[in-house]
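Peer 1: Sequence and predicted model, in that order:
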Amino acid sequence: SRRARAASMNQTAHINLNVDLGERSYPIAIGPGVLDDGAALLRHVGGAKAALVTNTTVAPLYLDKIAAPLRAAGREVVEIVLPDGEEYKHWGSLMAIFDALLASKCDRKTTLIALGGGVIGDLTGFAAASYMRGVPFVQVPTTLLAQVDSSVGGKTGINHPLGKNMIGAFYQPRAVLADTGTLGTLPARELSAGLAEVIKHGAILDAEFFDWIEANIARLVGRDQAALSHAIARSCEIKADVVRKDEREGGLRAVLNFGHTFGHAIEAGMGYGAWLHGEAVGCGMVMAADLSRRLGFIDAAAFERVRALVAAAGLPTVAPDLGVERWIELMEVDKKNEGGAIKFILVKPLGSPSIMSVPHELLLATLDACVQ
Ligand code: NAD
Ligand code: MG
């Protein structure tokens, strides 16, 4: 029948992955229209109640798409709509979630559903980790960054006035549903910011994927659903593989910080929010590639490929002039936690990571070359 054909077509259009973490393993469904299949979500919502956490931007766009099939199946859906913004990834929002859960008599079987970007995912995940010492949790990421990065890996948490992501827990979701159709409403800057983390995954761990991103960057920027699905799937596989080997961030997971040492300095130096995280990481990857070239790990042509790809993704490639001393000081913030010299994630060659401290004069040369 037409219906059966449509259903099977839907299935072939979706990519299903499994994050292999023993008893904490979970599936990721990726593709256009993943949310149109109400049964897909229902499968992961066990109790009589679900609490749907989202924000004022995403609620009018996608809340009904999630809530309607759950209600149609007889589930009670508690809606928790928070204000939009990184500044709300704080204790107050966490309390607002707990207030709503308790007022609605949600119990240990209530599934928390995070519908939104990384802010909602991190907040909801942490609420799920701690409400009644842990309740089931499903991620419905609606930004590219959340679909390729924050929804995989189990890091959840909130910001503290004295530091970002300082309070949190490792807590894995039951499932991740990444509908590429939701990216249609995402602002272009946010799409580019997500592409930075996609490029990162290729640059440090998969040269072939880097080639693929290069060949398909126009389709990705143009929001081609098939291209986005592949980019998300490969990114999730790469990140999941790192997480599987180092779930609690013992060491290997540090390679995911390629571009982030420089990027964090840009974010902090410009004042948080001036540059999106992905924009700072994009520029940071160009700087890390420049440093890799100075060390002889990649040649000039490979450096230019990184720079051109970051530019083609709609990301900045010229770093802001913070002053050399401030630059070093901001990059040393990470180092303070570990002791010793600043450790950089470099490419050696493109597609493979190398973690090391570098001669000071090479770092100065990179700052000189990359800062406008
Ligand atoms: P975000 O959650 O703030 O979303 C960006 C903006 O897009 C917001 O205004 C949001 O309301 C809006 N939005 C979301 N989906 C939309 C859609 N489909 N259409 C239109 N607008 C939409 O930002 P983000 O980049 O998704 O996530 C950043 C957060 O993720 C940070 O707090 C960061 O610390 C965290 N993060 C966590 C991890 C992790 O491992 N847990 C990894 C990376 C980042
Ligand atoms: Mg990042």
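Peer 2: Yep, that arrived. Numbers count the residues shown, from 1 in each chain. Ligands and ions are numbered 1, 2, ... in the order given.

Peer 1: and stretch 363-372, C-alpha only, in CSV?
Peer 2: This file holds the C-alpha atoms of stretch 363-372, laid out as CSV (Å, rounded to 0.1, in the frame of the first residue of the first chain):
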residue,chain,number,x,y,z
LEU,A,363,53.1,30.1,19.0
LEU,A,364,54.1,33.8,18.7
ALA,A,365,54.5,33.3,15.0
THR,A,366,51.1,31.7,14.7
LEU,A,367,49.5,34.6,16.6
ASP,A,368,51.3,37.1,14.4
ALA,A,369,50.2,35.4,11.2
CYS,A,370,46.5,34.7,12.2
VAL,A,371,45.6,37.8,14.1
GLN,A,372,44.4,40.6,12.0
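
Peer 1: in stretch 207-220, what's buried?
Peer 2: A207, F209, F210, W212, I213, N216, I217, L220 (16 or more other C-beta atoms under 10 Å). No exception for glycine: its C-beta is placed from N, CA and C like everyone else's.

Peer 1: pLDDT score for the third one?
Peer 2: In other words, F210. Note on F210: pLDDT of 98.

Peer 1: ok, C236 - how many residues close by?
Peer 2: 25 (other C-beta atoms under 10 Å).

Peer 1: in what helix or strand does it lie?
Peer 2: helix 225-245 (DSSP states H and E).

Peer 1: ok, that helix near ligand 1 or not?
Peer 2: No. Applying C-beta under 6 Å from any ligand atom, one finds helix 225-245 separated from ligand 1 by no less than 8.7 Å.

Peer 1: Pull out the buried positions in that helix.
Peer 2: Buried residues in helix 225-245 (16+ other C-beta under 10 Å): 225, 227-243.

Peer 1: ditto for stretch 265-276
Peer 2: A265, I266, E267, A268, G269, W275, L276.

Peer 1: would TSV of these with secondary structure and pLDDT be doable?
Peer 2: Listed next are the buried residues of stretch 265-276 as TSV, based on DSSP: H, G, I helix; E, B strand; the rest coil; pLDDT from 0 to 100:
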residue	secondary structure	pLDDT
A265	helix	97
I266	helix	98
E267	helix	96
A268	helix	95
G269	helix	97
W275	coil	98
L276	coil	98
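
Peer 1: which one of these sits closest to ligand 1?
Peer 2: Ranked by distance to ligand 1 (C-beta to the nearest ligand atom), those are led by L276 at 7.0 Å.

Peer 1: What segments of the stretch 51-200 of the chain are helices?
Peer 2: Ranges of helices in the stretch 51-200 of the chain, per DSSP state H, counting those that start in this stretch, are 59-72, 91-103, 118-130, 144-145, 188-205.

Peer 1: ok, and what's touching the second one?
Peer 2: It stands for helix 91-103. Residues from elsewhere that reach helix 91-103, judged by C-beta atoms under 8 Å, 6 or more residues apart in numbering: 51, 53, 78, 80, 82-83, 110, 123-124, 126-127, 131, 158, 160, 167.
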